[in-house]
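J.: fold the following.
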Amino acid sequence: MAPQESPFPPNLRRLGLASAALGLAFLGALLVLRGVPTGWMLIALGLPLSLVLALAGDAKRGGLRRTLGERTETLTRQMRPWMWLAVLYAVLKIPVPLWPAGFSLLALLGTGALFLSALAYLWEGAGPQRALVMAALAFGVGLGVEVLGSRTGFPFGAYSYEGAPAPTVFGVPLIVPLGWFALTLAATVVAQGRAWLAGLLLVAWDVGLEPLMTTQGYWTWRDAAPLWAGAPVPNFLGWWAVGAGLSWAFAGLAPALFGLRRRVWDFPVQERAAYVRSPGAEAVLIGSAPQPNLSRLTFAALYPVEMFFLPGGLVLVGRYAQAAVTLGAMLAAFLLARAVGRRA
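T.: Have a look, this model is predicted:
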């Protein structure tokens, strides 16, 4: 009797199985934080298993090893510099719950990797000069509004970076302006260049950043009318305004990168094509099973990655309600962006 085919599509099967294995590792981390040694065994089992299932969870019976080998080889050929840096960013998230004292170091290294990933993505898709201009613009604007905000209360409300982990620039933790660049780029790609929508995606992101980063001592709110995790309404309006403004500038500097058909802002360099085919991307049907194809993967993938890690980080520090709200906010913003994109 022939084995029955699964009613679920291959991609969904891989995602479901890998998520279940990752959940096992996450449970292990919770146990370790509570002093239960068994948690280490769950982590050691869940992490590699999640990777295997993500690559070959849909393999036919008896074909797991072959499918895993073929897909690993195919992915290795297709990976581009920005993807490797994005993987490094995700990998640096893993030790955080197991080394709470190293949060600031891991956050700096991870955000640095994310910044470089965003720069490499723009370098490939928009050319080196535009990439550097966009990175400098976001870093400069992000740093400027944070210096202004922490000293005057405008545009975010009354808060302070006093006591924040080093390194700092003019009193602002370095990871903050680095993050403004990478997060804005991811939101703009998800929003397909719609500045108002990118601003909403960034506000949803900040819903999770506020409780997590205040818990870790990066900033302290002193506003008399807090709305969420100490942050007042102007904070979220400010996030939307700054994020939407940067996104608008990004879309003007490299419209094709975000799927926009408009005249590029005059700039004394030649713009590259917004889409660069990965080496080996054409080899998607070789071997015994369909092969992965990264040729259309964009920086938008970083948003759902954060949709997993940010609420997860809140759970690990005991902020369960904030984790649920963060997941709901980010998911709602992401689904809205998908719906708007489909209607266009």
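J.: can you give me the helices for the stretch 101-250 of the chain?
T.: Along the stretch 101-250 of the chain, counting by DSSP state H, counting those that start in this stretch, helices occupy 103-126, 128-152, 175-190, 195-215, 233-253.
J.: can you add mean neighbour count and give these back as CSV?
T.: Where C-beta positions appear, they are placed from N, C-alpha and C, glycine not excepted. Shown next, in CSV, are these (neighbours: other CB atoms under 10 Å):
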stretch, mean neighbour count
helix 103-126, 21
helix 128-152, 18
helix 175-190, 26
helix 195-215, 23
helix 233-253, 21
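J.: for Leu88, grab the count of nearby residues.
T.: By the criterion of other CB atoms under 10 Å, Leu88 has 16 neighbours.
J.: now do the one 10 residues further on
T.: Applying other CB under 10 Å, we find 15 residues neighbouring Leu98.
J.: need the contact list for it.
T.: Ala29, Val32, Ile43 (CB atoms under 8 Å, 6 or more residues apart in numbering).
J.: again, 6 Å this time
T.: Going by CB atoms under 6 Å, 6 or more residues apart in numbering, Leu98 touches no other residue.
J.: quick one, which of the helices of the stretch 101-250 of the chain is nearest to Leu310?
T.: Nearest of those to Leu310, taken as CB to CB: helix 195-215 at 4.0 Å.
J.: wait, Pro177 sits on Phe139?
T.: Yes. Counting by CB atoms under 6 Å, Pro177 touches Phe139, with 4.7 Å between them.
J.: tell me which residue lies nearest the centroid of the protein.
T.: Geometric centre of the chain, nearest residue: Leu302, 3.1 Å, by CA atoms, centre = their mean.
J.: point out where the protein drops to low pLDDT.
T.: 1-8, 262-292 (pLDDT under 70).
J.: name the helices or strands packed onto the helix or strand where Phe309 lies?
T.: Secondary structure assignment for Phe309, by DSSP states H and E: helix 302-316. Here helix 302-316 touches helix 175-190, helix 195-215, helix 320-343, going by 3 or more CB pairs under 6 Å, 6 or more residues apart in numbering; DSSP states H and E.
J.: now it against helix 195-215, angle please.
T.: 30 degrees (axes from the mean of the first three to the mean of the last three CA atoms, to 10 degrees).
J.: list the buried residues in helix 302-316.
T.: Using 16 or more other CB atoms under 10 Å as the test for burial, helix 302-316 gives 302-303, 305-316.
J.: contact partners of that helix?
T.: So helix 302-316 is contacted by Ala90, Lys93, Pro97, Ala186, Val190, Gly208, Leu212, Gln322, Ala323, Thr326, Leu327, Met330 (CB under 6 Å, 6+ apart).
J.: over to stretch 208-220?
T.: 103, 159-161, 164, 173, 229-231, 310, 313-314, 317, 319, 322, 326.
J.: so which of those residues wins on neighbours?
T.: Busiest of these [other CB under 10 Å] is Thr326, holding 29 neighbours.
J.: picking up where we left off before, mind giving me a markdown table with the helices of the stretch 101-250 of the chain and columns for distance to Ser50?
T.: Output for the helices of the stretch 101-250 of the chain, formatted as a markdown table (distance: least, CB to CB, whole Å):
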| stretch | distance to Ser50 |
| --- | --- |
| helix 103-126 | 19 |
| helix 128-152 | 32 |
| helix 175-190 | 22 |
| helix 195-215 | 22 |
| helix 233-253 | 32 |
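J.: tell me which of these lies nearest to Arg222.
T.: Nearest of the helices of the stretch 101-250 of the chain (CB to CB): helix 128-152, 10.3 Å.
J.: and the next element down the chain from the helix or strand hosting Leu31?
T.: According to DSSP H and E, Leu31 maps onto helix 10-33. Heading C-terminal from helix 10-33, the first helix or strand you meet, by DSSP H and E, is helix 38-56.
J.: what's the angle from the helix or strand following that next one to helix 38-56?
T.: Next helix or strand after helix 38-56 toward the C-terminus (DSSP H and E): helix 64-78. Counting by the same axes, to 10 degrees, helix 64-78 lies at 70 degrees to helix 38-56.
J.: quick one: contacts of the helix or strand following helix 64-78?
T.: Heading C-terminal from helix 64-78, the first helix or strand you meet, by DSSP H and E, is helix 81-91. Here helix 81-91 makes contact (CB under 6 Å, 6+ apart) with Gly110, Ala113, Leu114, Leu116, Ser117, Ala120, Tyr121, Val305.
J.: isn't Gly171 up against Tyr161?
T.: Yes. Look at Gly171 against Tyr161 with CB under 6 Å: they come within range, at 5.4 Å.
J.: in JSON lines: the helices and strands packed on helix 302-316, plus distance to Met83.
T.: Output for the helices and strands packed on helix 302-316, formatted as JSON lines (distance: least, CB to CB, whole Å):
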{"stretch": "helix 175-190", "distance to Met83": "14"}
{"stretch": "helix 195-215", "distance to Met83": "21"}
{"stretch": "helix 320-343", "distance to Met83": "20"}
